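Visitor: for reference, the sequence and a predicted model appear below.
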Amino acid sequence: MNPDDLRMRTKQFALRMFQLAENLPRTASGRVLATQIAKCGTSVAANYRAACKGRSKAEFIAKLGVVEEEADESQFWVEMVMEAKLIPSARLSLLHKEAQELTGHIRRLTQNSFGARFVTN
């Protein structure tokens, strides 16, 4: 996947995370989850965009690490919504899968950029 495609994919992911946040119930737990989901979902896209503008290989790799963490955190928050049964799991399965795929793709991109022997799980 080229950088422009991944930039668009992460932006679409952020927009889908916003939609999820908007559809959560207006309860105490729903508001907490909505805030976390909106923050980490948009952070995936924003930090990937920043990584692409990195001034050095080290800066690029460091930003990719942040992107991977935020994608993984996004997956966690989607799982929390599913397990708390705030929205039916069937409606979230594609978003959850996208979070998993983005996390894996960014991890591989980091490994290929840095050298797999230095990257840990």
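Guide: Thanks, I have it.

Visitor: any idea how far residue 3 is from residue 107?
Guide: In this view, residue 3 and residue 107 are 16 Å apart by C-beta to C-beta, to the nearest Å. The way it works is simple: take the backbone N, C-alpha and C, and place the C-beta from them, glycine included.

Visitor: the two: which has the busier surroundings?
Guide: Counted by other C-beta atoms under 10 Å, residue 3 and residue 107 do not tie: residue 107 has more neighbours, with 19 against 12.

Visitor: now do the same for the more buried one: helix, strand or coil?
Guide: Taken by DSSP: H, G, I helix; E, B strand; the rest coil, the conformation at residue 107 corresponds to helix.

Visitor: need the nearest residue in space to it, chain neighbours excluded.
Guide: Residue nearest to residue 107 in three dimensions, not counting chain neighbours: residue 68, with 5.5 Å by C-beta to C-beta, 6 or more residues apart in numbering.

Visitor: give the contact list for the one you found.
Guide: Listed by C-beta atoms under 8 Å, 6 or more residues apart in numbering, the contact set of residue 68 reads 103, 106-107, 110.

Visitor: ok now the helix or strand it falls within, how far from the chain's centre?
Guide: Residue 68 is part of helix 57-83, with elements assigned from DSSP states H and E. Mean-position distance between helix 57-83 and its chain equals 5 Å (C-alpha atoms, centre = their mean, to the nearest Å).

Visitor: avg pLDDT for it?
Guide: Averaging pLDDT along helix 57-83 yields 95.
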